[in-house]
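Asker: can't give you the sequence, but here's the structure:
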(Lines give C-alpha, C1' and ligand atoms only; values in the text may rest on other atoms or scores of the structure.)
Protein backbone atom coordinates (compact mmCIF):
# COMPACT_ATOMS: atom_id res chain seq x y z
CA UNK A 1 0.00 0.00 0.00
CA UNK A 2 1.38 3.38 -1.08
CA UNK A 3 0.12 6.03 1.34
CA UNK A 4 0.52 9.80 1.55
CA UNK A 5 -0.12 11.42 4.90
CA UNK A 6 -0.86 15.14 5.06
CA UNK A 7 -0.61 16.89 8.42
CA UNK A 8 -2.29 20.29 8.55
CA UNK A 9 -2.04 23.24 10.92
CA UNK A 10 -3.14 26.85 10.72
CA UNK A 11 -2.19 30.25 12.08
CA UNK A 12 -4.55 33.17 12.62
CA UNK A 13 -8.31 33.48 12.65
CA UNK A 14 -11.11 34.40 10.28
CA UNK A 15 -12.09 37.52 12.18
CA UNK A 16 -11.60 41.08 11.03
CA UNK A 17 -8.13 42.38 10.24
CA UNK A 18 -6.01 43.67 13.09
CA UNK A 19 -2.30 44.23 13.52
CA UNK A 20 -1.96 41.25 15.88
CA UNK A 21 -3.48 38.85 13.33
CA UNK A 22 -2.65 40.21 9.85
CA UNK A 23 -2.51 36.86 8.01
CA UNK A 24 -4.28 33.56 7.84
CA UNK A 25 -2.00 30.64 7.01
CA UNK A 26 -2.66 26.97 6.32
CA UNK A 27 0.40 24.72 6.31
CA UNK A 28 0.53 21.16 5.00
CA UNK A 29 3.28 18.63 5.72
CA UNK A 30 3.43 15.73 3.24
CA UNK A 31 4.90 12.38 4.22
CA UNK A 32 5.19 9.29 2.03
CA UNK A 33 4.62 6.47 4.52
CA UNK A 34 7.19 4.34 2.69
CA UNK A 35 9.81 6.69 4.14
CA UNK A 36 10.61 5.50 7.66
CA UNK A 37 10.96 8.44 10.04
CA UNK A 38 10.56 6.49 13.28
CA UNK A 39 14.31 6.54 14.13
CA UNK A 40 14.29 10.34 13.87
CA UNK A 41 11.16 10.53 16.04
CA UNK A 42 12.78 8.30 18.65
CA UNK A 43 15.91 10.49 18.70
CA UNK A 44 13.80 13.63 19.06
CA UNK A 45 11.78 12.11 21.91
CA UNK A 46 14.98 11.11 23.67
CA UNK A 47 16.48 14.58 23.28
CA UNK A 48 13.28 16.19 24.55
CA UNK A 49 13.29 13.86 27.54
CA UNK A 50 16.75 15.17 28.44
CA UNK A 51 15.14 18.61 28.56
CA UNK A 52 12.36 17.22 30.82
CA UNK A 53 9.77 17.53 28.08
CA UNK A 54 8.63 13.92 27.89
CA UNK A 55 5.29 13.53 26.11
CA UNK A 56 5.07 17.29 25.64
CA UNK A 57 3.36 18.68 22.54
CA UNK A 58 5.86 21.20 21.19
CA UNK A 59 3.93 24.34 20.27
CA UNK A 60 6.35 26.84 18.78
CA UNK A 61 4.32 30.05 19.09
CA UNK A 62 4.44 29.96 22.89
CA UNK A 63 8.16 29.08 22.75
CA UNK A 64 8.85 32.32 20.86
CA UNK A 65 6.49 34.43 22.98
CA UNK A 66 7.62 32.91 26.31
CA UNK A 67 4.14 31.67 27.21
CA UNK A 68 2.49 28.63 28.82
CA UNK A 69 5.01 26.00 30.01
CA UNK A 70 7.88 28.08 28.58
CA UNK A 71 7.16 31.26 30.56
CA UNK A 72 9.92 30.67 33.11
CA UNK A 73 12.54 29.52 30.61
CA UNK A 74 15.42 31.63 29.36
CA UNK A 75 15.70 32.48 25.68
CA UNK A 76 18.58 30.00 25.37
CA UNK A 77 16.46 27.20 26.82
CA UNK A 78 13.58 28.01 24.52
CA UNK A 79 15.86 28.20 21.48
CA UNK A 80 17.28 24.80 22.38
CA UNK A 81 13.80 23.24 22.17
CA UNK A 82 13.01 25.09 18.95
CA UNK A 83 16.30 23.99 17.40
CA UNK A 84 15.60 20.34 18.26
CA UNK A 85 12.39 20.54 16.23
CA UNK A 86 14.15 22.29 13.34
CA UNK A 87 16.88 19.62 13.29
CA UNK A 88 14.20 16.90 13.27
CA UNK A 89 12.46 18.45 10.26
CA UNK A 90 15.74 18.78 8.39
CA UNK A 91 16.61 15.11 9.01
CA UNK A 92 13.40 13.54 7.72
CA UNK A 93 12.15 13.12 4.17
CA UNK A 94 9.06 15.32 4.04
CA UNK A 95 7.76 18.23 1.99
CA UNK A 96 5.58 21.13 3.04
CA UNK A 97 3.51 23.89 1.51
CA UNK A 98 2.02 27.05 3.02
CA UNK A 99 -1.06 28.84 1.73
CA UNK A 100 -1.94 32.27 3.08
CA UNK A 101 -4.06 35.38 2.70
CA UNK A 102 -3.46 38.87 3.99
CA UNK A 103 -6.61 39.75 5.90
CA UNK A 104 -6.23 43.45 5.17
CA UNK A 105 -7.47 42.76 1.64
CA UNK A 106 -10.27 40.34 2.59
CA UNK A 107 -13.83 41.56 3.12
CA UNK A 108 -15.32 38.62 5.04
CA UNK A 109 -15.02 34.94 5.94
CA UNK A 110 -16.64 33.85 2.66
CA UNK A 111 -13.97 35.58 0.60
CA UNK A 112 -11.23 34.27 2.92
CA UNK A 113 -12.28 30.64 2.62
CA UNK A 114 -12.82 31.06 -1.12
CA UNK A 115 -9.32 32.40 -1.74
CA UNK A 116 -7.65 29.71 0.37
CA UNK A 117 -9.71 27.00 -1.35
CA UNK A 118 -8.58 28.29 -4.74
CA UNK A 119 -4.91 28.28 -3.72
CA UNK A 120 -5.08 24.72 -2.41
CA UNK A 121 -7.08 23.51 -5.43
CA UNK A 122 -4.56 25.06 -7.81
CA UNK A 123 -1.72 23.35 -5.97
CA UNK A 124 -3.35 19.92 -6.10
CA UNK A 125 -4.13 20.29 -9.80
CA UNK A 126 -0.53 21.35 -10.47
CA UNK A 127 0.74 18.10 -8.94
CA UNK A 128 -2.32 15.95 -9.59
CA UNK A 129 -0.35 13.02 -11.03
CA UNK A 130 1.79 12.83 -7.90
CA UNK A 131 -1.26 12.70 -5.66
CA UNK A 132 -2.90 10.02 -7.82
CA UNK A 133 0.22 7.86 -7.55
CA UNK A 134 -0.78 7.04 -3.97
CA UNK A 135 -3.30 4.34 -3.09
CA UNK A 136 -4.44 6.34 -0.06
CA UNK A 137 -4.24 10.03 0.79
CA UNK A 138 -4.91 10.63 4.48
CA UNK A 139 -5.52 14.13 5.80
CA UNK A 140 -4.73 14.71 9.47
CA UNK A 141 -6.21 17.80 11.15
CA UNK A 142 -7.27 18.54 14.72
CA UNK A 143 -10.52 20.21 13.60
CA UNK A 144 -9.35 23.37 15.33
CA UNK A 145 -11.34 25.71 13.11
CA UNK A 146 -14.60 24.87 11.38
CA UNK A 147 -13.75 26.95 8.32
CA UNK A 148 -10.53 24.99 7.72
CA UNK A 149 -12.34 21.67 8.08
CA UNK A 150 -14.84 22.81 5.45
CA UNK A 151 -12.06 23.94 3.08
CA UNK A 152 -10.22 20.64 3.39
CA UNK A 153 -13.34 18.54 2.95
CA UNK A 154 -14.60 20.43 -0.09
CA UNK A 155 -11.24 20.66 -1.90
CA UNK A 156 -9.90 17.16 -1.29
CA UNK A 157 -13.24 15.44 -1.89
CA UNK A 158 -13.72 17.38 -5.12
CA UNK A 159 -10.28 16.64 -6.55
CA UNK A 160 -9.12 13.27 -5.21
CA UNK A 161 -10.88 9.90 -5.58
CA UNK A 162 -11.13 8.75 -1.96
CA UNK A 163 -9.40 11.02 0.54
CA UNK A 164 -9.44 9.79 4.13
CA UNK A 165 -9.84 12.29 6.96
CA UNK A 166 -8.45 11.73 10.44
CA UNK A 167 -8.92 13.91 13.50
CA UNK A 168 -5.67 14.05 15.44
CA UNK A 169 -4.43 14.95 18.89
CA UNK A 170 -1.40 17.20 18.25
CA UNK A 171 0.56 15.56 21.08
CA UNK A 172 0.38 12.18 19.31
CA UNK A 173 2.06 13.19 16.04
CA UNK A 174 5.46 14.83 15.69
CA UNK A 175 4.62 15.66 12.06
CA UNK A 176 1.66 17.71 13.26
CA UNK A 177 4.05 19.56 15.56
CA UNK A 178 6.37 20.01 12.58
CA UNK A 179 3.47 21.59 10.66
CA UNK A 180 2.95 23.94 13.60
CA UNK A 181 6.60 25.04 13.49
CA UNK A 182 6.61 25.54 9.73
CA UNK A 183 3.36 27.50 9.96
CA UNK A 184 4.86 29.71 12.68
CA UNK A 185 7.99 30.34 10.61
CA UNK A 186 5.89 31.27 7.58
CA UNK A 187 4.16 33.89 9.73
CA UNK A 188 7.53 35.12 11.02
CA UNK A 189 8.80 35.41 7.44
CA UNK A 190 5.75 37.39 6.32
CA UNK A 191 6.01 39.73 9.30
CA UNK A 192 9.73 40.26 8.69
CA UNK A 193 9.13 41.13 5.03
CA UNK A 194 6.52 43.68 6.06
CA UNK A 195 8.44 45.14 9.03
CA UNK A 196 5.93 43.81 11.56
CA UNK A 197 8.27 41.99 13.96
CA UNK A 198 7.24 41.99 17.62
CA UNK A 199 9.65 42.48 20.53
CA UNK A 200 9.40 38.80 21.46
CA UNK A 201 10.25 37.74 17.89
CA UNK A 202 13.24 40.06 17.78
CA UNK A 203 14.45 38.79 21.15
CA UNK A 204 14.09 35.16 20.08
CA UNK A 205 15.49 35.25 16.54
CA UNK A 206 17.91 38.14 16.88
CA UNK A 207 18.89 39.78 13.61
CA UNK A 208 17.46 39.00 10.19
CA UNK A 209 20.71 37.43 9.01
CA UNK A 210 20.52 34.78 11.73
CA UNK A 211 16.83 34.13 11.05
CA UNK A 212 17.51 33.49 7.38
CA UNK A 213 20.72 31.50 7.91
CA UNK A 214 19.54 29.29 10.78
CA UNK A 215 15.90 28.72 9.90
CA UNK A 216 14.36 30.13 6.74
CA UNK A 217 17.00 29.03 4.24
CA UNK A 218 17.60 25.48 5.58
CA UNK A 219 13.89 24.69 5.90
CA UNK A 220 13.03 26.18 2.51
CA UNK A 221 14.70 23.11 1.00
CA UNK A 222 11.74 21.07 2.27
CA UNK A 223 9.15 23.24 0.54
CA UNK A 224 7.10 21.71 -2.26
CA UNK A 225 7.95 24.06 -5.13
CA UNK A 226 5.01 26.07 -6.32
CA UNK A 227 4.44 29.69 -7.34
CA UNK A 228 0.85 30.97 -7.09
CA UNK A 229 -0.36 32.30 -10.41
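Answerer: Ah, there it is. This structure is a prediction, so every number in the text was calculated from the model and none was measured.
Asker: biggest helix in the protein by residues?
Answerer: For the chain, the longest helix by residue count, based on DSSP state H, is helix 174-193.
Asker: Quick check: buried residues in that helix?
Answerer: Buried residues in helix 174-193, counted by 16 or more other CB atoms under 10 Å: 174-190, 192. Where C-beta positions appear, they are placed from N, C-alpha and C, glycine not excepted.
Asker: Same check on stretch 89-104?
Answerer: Neighbour-count burial for stretch 89-104 [16+ other CB under 10 Å]: 89, 92, 94, 96-101, 103.
Asker: Can you tell me the centre-most residue of the chain?
Answerer: residue 179 (2.9 Å; CA atoms, centre = their mean).
Asker: Am I right that that residue is in contact with residue 6?
Answerer: No: assessed by CB atoms under 8 Å, residue 179 is found out of contact with residue 6, at 9.1 Å.
Asker: tell me, what's touching those two both at once?
Answerer: Taking CB atoms under 8 Å, 6 or more residues apart in numbering as the criterion, residue 179 and residue 6 both touch 28-29.
Asker: For residue 101, which three-state class applies?
Answerer: strand (DSSP: H, G, I helix; E, B strand; the rest coil).
Asker: Return the distance of it relative to residue 38.
Answerer: 36 Å (CB to CB, to the nearest Å).
Asker: And residue 10, by the same measure?
Answerer: 27 Å.
Asker: Of the two, which one has the most company?
Answerer: Using other CB atoms under 10 Å, the more surrounded residue of residue 10 and residue 38 is residue 10, with 23 against 9.
Asker: Is it correct that that one falls within a strand?
Answerer: Yes: applying three-state DSSP, one finds residue 10 inside a strand.
Asker: List the beta-bridge partners for it.
Answerer: Residues in a beta bridge with residue 10, per DSSP bridges, are residue 26.
Asker: where does this structure dip in pLDDT?
Answerer: Counting by pLDDT under 70, the ranges of the chain that qualify are 226-229.
Asker: Do a quick rundown of the strands in it.
Answerer: Taking DSSP state E as the test, the strands found in the chain are 3-11, 23-32, 95-102, 136-141, 164-167.
Asker: Direction included, what does the last one pair against?
Answerer: The partner list of strand 164-167 in its sheet, established with DSSP bridges, is strand 136-141 (parallel).
Asker: what is the orientation angle of the partner strand with strand 23-32?
Answerer: Taking axes from the mean of the first three to the mean of the last three CA atoms, to 10 degrees, one finds strand 136-141 and strand 23-32 inclined to each other by 140 degrees.
Asker: now what about strand 136-141, what contacts it?
Answerer: 1-8, 131, 148-149, 152, 156, 160, 162-168, 173, 175-176.
Asker: Just the buried ones from those?
Answerer: Buried residues within the contacts of strand 136-141, counting neighbours by 16+ other CB under 10 Å: 4-8, 131, 148-149, 152, 156, 160, 163, 168, 173, 175-176.
Asker: Residue 120 reaches residue 155, doesn't it?
Answerer: Yes: using CB under 8 Å, residue 120 makes contact with residue 155 at a distance of 5.0 Å.
Asker: If we ignore the residues flanking it in sequence, what's nearest residue 119?
Answerer: Closest residue to residue 119 apart from its sequence neighbours, by CB to CB, 6 or more residues apart in numbering: residue 99 at 4.4 Å.
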